[in-house]
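Enquirer: What follows is a predicted structure for the sequence shown.
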Amino acid sequence: MSIGFYVGNALTADGSTLLGGFGHEPSSHWVDIVPAQNHPQGSTITVGATEDAVIPGELMEIPQVPHTFKYISSTYSEFEGFPPPLTNGGLNEYGVGARDIWSDSRQELVGMTPEPQRGPNYSDLARIAMERATTAREAVEIIGDLINQYGYTTYGGNSHLFADKNEGWVMIEYAGGQGLWAAERLGPDEVRVSYPGYIHQFPADFKNNNNYLGSDNIVSFAREQGWWDPNRDNPDFLNLQDVYGTPFPGEGVSVEENPFLTWRVPPEREEELKAMAPVSLEDMLALVRDPRWSNDHSGYGQVAHIRPHAHRQLQTLWVAVTQAVTTPYVPIPIAASALSVPPEFVQHRYMTHDSASEYLSSDYAPQEATKYATRVFKQLLYFTSEHPELFLHYITGIIESLEEIALKERQPLEEYFLALLGSNCTLKAQQLIDANVQGWFCQSLQLGQQLTETVESETISRFGIRIPNNTASPGETTPPWSQSMVQATDEEIITCYDPSLGPYPRRFGMYNCGIPYTTKCTYGILFQ
């Protein structure tokens, strides 16, 4: 599962479009800045899934376009038999943001899915949208054309949120092998929370409505199956969630019954988001960090800050390399190159599939020898989750103190960058951004190490380290410790969320730790 938040520019504090969220994947994660590339005539890309997927698939080749755009992404190594590396989107050089979010299709559609299935999977679609789209609407059109032409490989249904400086689009891709997809425009005065992704009212004559897009059979197939009947139901609209989807997991569930399900009712979260308007960038950072959903299952945190008048190279993706609840965001402008990402934030063997089955390649020894940022911030999460009532607010305050410095630095940094461009100092402008991004990565890791050491020391002195009791009850067999470590359920999720602590403020800066964080790592330091 995953979550996505969209806020249109009429509801934000600075007139920007905000798109935030993360994916749920139990695998290694790292930061990826993919450059624009030219591809030889006849180039192809491999898409789809293997026979190891939950719904077995078959890989296929489809044509690559001559030129692909630069984009920033959180990349990961494993999910449901889909070949790595995988992505849920990010932000590209045209200011198009993307989020990929689960959206279960009704069971009949899942059962119709052919085996082996063929066509691009969710990650293929997100990556291709980043490589080719210049607007959010174009991202939908590109994905729709791919599904129409090559089919779609699914794990049971999926969705995407796309946004640009003017608008957003939510797109649902349904299981079933029927090429079913639908998309709805989100205007500047709207919000959307996908948790899961959904579309409710969809016009039967959508082809005559510029706010909707869909496969040619999105209406006719529902009628053929008897899931929608214009003589029985509303003849003008289909509720696509009712027709093709499943009930929201959190409907009718209280916090006391299941605190992890109760938040999965998107319209309720949208009311909460609307009440925050005007929403600032800082507010969105805090919302993605919210411990109700940011936990050990969240692979990273992202907020795309898409401003209407910013230079294209200065559109920025704020990235937490792993769960944002205990990880600082680092601002990465599109101008940044892959050289700005330190080795601590690229791929390591921790949580990488099959990494324990082979020895390390010598070429990667220096990279692997560095501290893996994802592992450091996972340690911080695990310690904090043991006693969140003592540590969570303190850690949030310290992390936000660091981010506040980065936020205040944006304007002078960007003015300096533009001045360098205006003086034809393109290389120096590039070095400026790279040094700044690299510096903030280093500062975030340094802070993570400091906080981990502090919380670890405090935990040991106050409580000691809790060790699980693996003793079997009479008549039961205790699984080997290596197996019991990976038998977690939703009820056992590692989380800092505790309903007894009361509401968690959604506004940035609500937790003043009382200890100002200072840094020497400003945007000029690496030139000295």
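Expert: In hand now; what should we look at?

Enquirer: How far does stretch 241-256 stretch from one end to the other?
Expert: This stretch, stretch 241-256, spans 27 Å end to end (Cα to Cα, to the nearest Å).

Enquirer: Any chance you could list what contacts it?
Expert: If you take Cβ atoms under 8 Å, 6 or more residues apart in numbering as the criterion, stretch 241-256 is touched by 103-107, 109, 157, 172, 174, 180, 196, 198-200, 222, 227-228, 261-266, 268, 499. Backbone N, C-alpha and C define where each C-beta goes, glycine included.

Enquirer: mind running it again at 7 Å?
Expert: Identification of contacts with stretch 241-256 by Cβ atoms under 7 Å, 6 or more residues apart in numbering yields 103-106, 109, 174, 180, 198-200, 222, 227-228, 261-266, 499.

Enquirer: Which of those residues fall within helices?
Expert: 109, 222, 266 (DSSP state H).

Enquirer: so the last one sits right up against V193, yeah?
Expert: Meaning P266. Yes. Assessed by Cβ atoms under 7 Å, P266 is found in contact with V193 at 4.6 Å.

Enquirer: Report how many residues lie close to the closest residue to M112 other than its chain neighbours.
Expert: Take M112 and drop its neighbours on the chain: the residue closest to it by Cβ to Cβ, 6 or more residues apart in numbering is G176, 4.2 Å away. For G176, the neighbour count with other Cβ atoms under 10 Å is 23.

Enquirer: same thing with R462?
Expert: That count, for R462 with other Cβ under 10 Å as the rule, works out to 9.

Enquirer: that older thread, of P266 and V193, give the one with the bigger neighbour count.
Expert: V193 (27 against 23).

Enquirer: separation between the closest residue to that one other than its chain neighbours and E167?
Expert: Excluding its sequence neighbours, the residue lying closest to V193 (Cβ to Cβ, 6+ apart) is R269, at 4.0 Å. Applying Cβ to Cβ, to the nearest Å, the value for R269 to E167 is 20 Å.

Enquirer: And the helices in the chain, which stretches?
Expert: Using DSSP H, helices in the chain cover 107-112, 122-132, 136-150, 220-224, 240-244, 266-274, 281-289, 365-369, 373-386, 388-422, 426-462, 481-484.

Enquirer: quick one: buried residues of the longest one?
Expert: Meaning helix 426-462. 429-445, 447-449, 451-452, 454-455, 459 (16 or more other Cβ atoms under 10 Å).

Enquirer: So which elements touch it?
Expert: strand 330-333, helix 373-386, helix 388-422 (3 or more Cβ pairs under 7 Å, 6 or more residues apart in numbering; DSSP states H and E).

Enquirer: Let's test this: mean pLDDT of the shortest one, rounded?
Expert: Rounded to a whole number, the mean pLDDT of strand 330-333 is 98.

Enquirer: With the second one instead?
Expert: For helix 373-386, the mean per-residue pLDDT is 96.

Enquirer: what angle do it and helix 388-422 make?
Expert: Inter-element angle recorded for helix 373-386 and helix 388-422: 150 degrees (by axes from the mean of the first three to the mean of the last three Cα atoms, to 10 degrees).
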